[in-house]
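1. Any chance you can model this:
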Amino acid sequence: MIIFRKNPKLIIRSLEPSFKRGPPKGYVNAIERRLQYAESLLGAIIQCPDTGVQGLVNDLKQDSLAREIIDRVHNGPYVSSYSAMAMLVIN
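-> The predicted structure follows:
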């Protein structure tokens, strides 16, 4: 927004935005937390011993993008937490 202020000698032009830019406070942290939960759940599904679940994972791996995502989650930083999450999901 451009604001003009009249002065007897000159006109001052301000180019300050009229509203804050960027996401609301805490939004990025909330999105990161939700992504971590989704990765943990996917990791638990990948490690589930059920043959039906493993068949589904193998079917998903036929798609190159799904295989890339599954491999990234399987080799990701939360691998040790998948076992604990899997026990929560199964029970």
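2. and for stretch 55-71, what are the contacting residues?
-> The contact list for stretch 55-71, computed with Cβ atoms under 8 Å, 6 or more residues apart in numbering, reads 42, 45-46. All C-beta atoms are positioned from the backbone trio N, CA, C, and that covers glycine.
3. now with 6 Å?
-> Ile46 (Cβ atoms under 6 Å, 6 or more residues apart in numbering).
4. Report the buried residues of it.
-> Neighbour counts over stretch 55-71 (16 or more other Cβ atoms under 10 Å) mark 57, 60, 70 as buried.
5. which among those gets closest to Asn29?
-> Ile70 (25.8 Å; Cβ to Cβ).
6. list the helices and strands the helix or strand where Ile46 lies packs on?
-> For Ile46, the enclosing helix or strand under DSSP states H and E is helix 27-47. Applying 3 or more Cβ pairs under 6 Å, 6 or more residues apart in numbering; DSSP states H and E, one finds that helix 27-47 contacts helix 64-74, helix 79-90.
7. Out of the ones you listed, point me to the one whose mean pLDDT is lowest.
-> Set side by side, those give their lowest mean pLDDT on helix 79-90, at a mean of 54.
8. average pLDDT for the helix holding Ile46?
-> 91.
9. Heading C-terminal from it, find the next helix or strand.
-> Per DSSP H and E, the first helix or strand lying C-terminal to helix 27-47 is helix 51-60.
10. That following helix vs helix 64-74, what angle?
-> Put simply, helix 51-60 runs at 120 degrees to helix 64-74, going by axes from the mean of the first three to the mean of the last three Cα atoms, to 10 degrees.
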